[in-house]
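# The following block contains a protein sequence and its predicted model.
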Amino acid sequence: MAMRERLDSLSRGELAGLVVVLVATLVGVGLWYSRSLPKPIQVAETPAPAFVPNGSASGAPGVTGSPGASANPPADLIVDVTGWVRHPGVYQFQPGSRVIDAVQRAGGARNGADLTLLNLAAPLADGQQILVPKEGASAGGVAAGGTGAGGVALVNINTADEPTLETLNGVGPALAAAIIQYRTDQGPFASIDQLDEVSGIGPATLEKLRPQVTV
C-alpha cells in the first residue's frame, strides 16, 4: 500500500496524533544535535595587579628596585678600646654594636673605672676610639674640674689622644706615642710620677709636665 493511501485511510484524530509525534521527534532530534555541538570555552582574564607605591597605607610591599638586585652587606666596624679596661686593643664588631659591647670585648672595666662618663648605649662607628676613664677623670682627656696655673685645663694622661698630648709643653709626636704605648702595655697611669717610667721622659721632663697633667 502506498504511503499516500495509508495516510488517507487514517482518521483526523490519528493524523493529529501522528503530527504531534513527528513534531516531538523533530524537537528531540534538534535538542540532541544542539547539545552535541562543541561549546566555546570562556577564559577569565586576570586583571593586572595595581601598582602600590612603597610605604602605602594598604601595607602591601612596594617595588624598591629592579628584580635580582641586592643591597651590599654592611661592613664590619673596627674600634679602638683603650683606657681603664683589662685588655685594651683594636677589636672588630658587627654593625649595630654598642659601646657596652666594646667595653665587654676588652675584658670589661677595671676597678676604679668611671663608666658614668660614657654613653654605654651609643652605637659604635668605624674607626671610633672608646676611652674608658678612671674615676675623677673625664672621657674627653681632661680632668673633671682640674686646672693648672692660669686656669689652663689639665690633660689626663690616661685618656688623652696623641694630638692632645702634643699640646703639652715638652711633648712631641714621638713622646706622645710613647706615653700611649706605655699605658696600652702597662695599663693606665696610677700617678703622675709613673711618667718617669716612659722611655724618653727623665726627671727634668717629668717636672716640666707635672703642672700640666693629671690622672
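Structure received.

# can we go C-alpha only for contacts and neighbour counts from here?
Noted.

# Quick check on Arg98: phi, psi?
The phi/psi pair for Arg98 (degrees, to the nearest 10) reads phi -120, psi 170.

# Output stretch 169-177 as PDB, nothing but the C-alphas.
Extracted C-alpha coordinates of stretch 169-177, given in PDB (Å, rounded to 0.1, in the frame of the first residue of the first chain):
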ATOM      1  CA  ASN A 169     105.000  71.800  76.700                       C
ATOM      2  CA  GLY A 170     107.900  69.400  76.100                       C
ATOM      3  CA  VAL A 171     105.900  66.600  74.300                       C
ATOM      4  CA  GLY A 172     106.300  65.900  70.600                       C
ATOM      5  CA  PRO A 173     104.800  63.200  68.400                       C
ATOM      6  CA  ALA A 174     107.400  60.600  69.500                       C
ATOM      7  CA  LEU A 175     106.900  61.200  73.200                       C
ATOM      8  CA  ALA A 176     103.100  61.300  72.800                       C
ATOM      9  CA  ALA A 177     103.200  58.000  71.100                       C
END
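
# could you pull out the helices for the protein?
If DSSP state H is used as the criterion, the helices of the chain fall at 3-9, 12-36, 99-105, 162-165, 173-186, 203-209.

# Could you tell me the least trusted of these?
Ranked on mean pLDDT, the bottom entry among those is helix 3-9, at a mean of 64.

# quick one on the thing from earlier: so which of the helices of the chain comes closest to Leu77?
Across those, Leu77 has its closest neighbour in helix 99-105 (10.7 Å, CA to CA).
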